[in-house]
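A.B. asks: Here is the input, now give the coordinates:
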Amino acid sequence: MSLEPTIPPEVAPPLAPAEILPATTAPAAGSPAPAASLKPHKSHKQKFWDAAKTLTLITSMIINLILIVAIVTLANQVGAIKTTLNSVLGQLDSAFEGLGAASIKDTIAISQQVPVRFDLPLNQDTIVTTRSAVPINTQATFSLGQFGSINGTVSLQLPTGTQLPVHLELTVPVSNTIPVVFNQPINIPLAEKGLGPVVAKLRAALAPIINVVNQLPDRLVIIPQ
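C.D. replies: Numbers count the residues shown, from 1 in each chain. Model prediction:
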């Protein structure tokens, strides 16, 4: 009988709890598949909402792109826009100022018939000339000196063309129409004829806009956050 050392059998290390796998049971033949393994079908309503979300996302991206392009363009053009606005508003203010200091200068041609009616008083001495023979019959007294006087009638005839001194004292009514033709120059200052306050109000309304434009920066700088 021989004696040999007995070697104890190797003991396998215990499995960790994570390595212990649950036993799976194969489905029996003919049994239906589990419900978790079936792929669900999307309804028409779900498809519509998915398409709407996609369209909304694309539209939002396009609008954001347009806004970014507009902001970049505005940032590059703000200086030119400010210069243009300053020029236009300055010219408009100068035009209002010039309108308040302007005056209308022109020449009006007047040609019309003017009726004339008035009473003309006369009180003056003049000489009249007879246009025909003028008979004169009047009572006269003839002086005979120291022998007295004789009353009688005088009859005579003034020949044509006789000049006689006459004193006129009377009122002559005048009624006639006379032509009036002349050129009348005019000069009407607009500020003195009521336009001055209107121009002042227009310039006062324009002043705040000019101040706002002057305060605009010459260039927009976009600072990233």
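A.B. asks: Confirm for me that Pro172 is in contact with Leu122.
C.D. replies: Slight slip there: residue 172 is Val, not Pro. Yes: between Val172 and Leu122 a contact is recorded at 6.0 Å, counting by CB atoms under 8 Å. Just so you know, the C-beta spots here come from the backbone N, C-alpha and C atoms, and that holds for glycine as well.
A.B. asks: what's near enough to touch the closest residue to Ser143 other than its chain neighbours?
C.D. replies: The shortest distance from Ser143 to any non-neighbouring residue, by CB to CB, 6 or more residues apart in numbering, is to Ser149 (4.8 Å). Applying CB atoms under 8 Å, 6 or more residues apart in numbering, we find Ser149 in contact with 141-143.
A.B. asks: repeat for Arg203
C.D. replies: For Arg203, the contacting residues are 93, 96-97, by CB under 8 Å, 6+ apart.
A.B. asks: Point to the helix or strand of this protein where mean pLDDT is at its lowest.
C.D. replies: For the chain, counting by mean pLDDT, DSSP states H and E, helix 44-101 ranks last in confidence among helices and strands (a mean of 82).
A.B. asks: Report all helices and strands that whichever helix or strand comes after it contacts.
C.D. replies: Per DSSP states H and E, the first helix or strand lying C-terminal to helix 44-101 is strand 103-129. For strand 103-129, the helices and strands in contact under the criterion 3 or more CB pairs under 8 Å, 6 or more residues apart in numbering; DSSP states H and E are strand 163-189.
A.B. asks: Torsion angles phi and psi at the spatially most central residue of the chain?
C.D. replies: Centroid-nearest residue in the chain: Leu202, 9.4 Å away (criterion: CA atoms, centre = their mean). With angles defined as degrees, to the nearest 10, Leu202 shows backbone torsions of phi -60, psi -40.
A.B. asks: excluding its backbone neighbours, what's nearest it?
C.D. replies: Phe96 (5.0 Å).
A.B. asks: follow-up on the earlier one: what's the spacing between the residue nearest to Ser143 and Ser60?
C.D. replies: Distance, Ser149 to Ser60, by CB to CB, to the nearest Å: 141 Å.
A.B. asks: swap in Phe96?
C.D. replies: 47 Å.
A.B. asks: Which one of those two is surrounded by more residues?
C.D. replies: Counted by other CB atoms under 10 Å, Phe96 and Ser60 do not tie: Phe96 has more neighbours, with 18 against 10.
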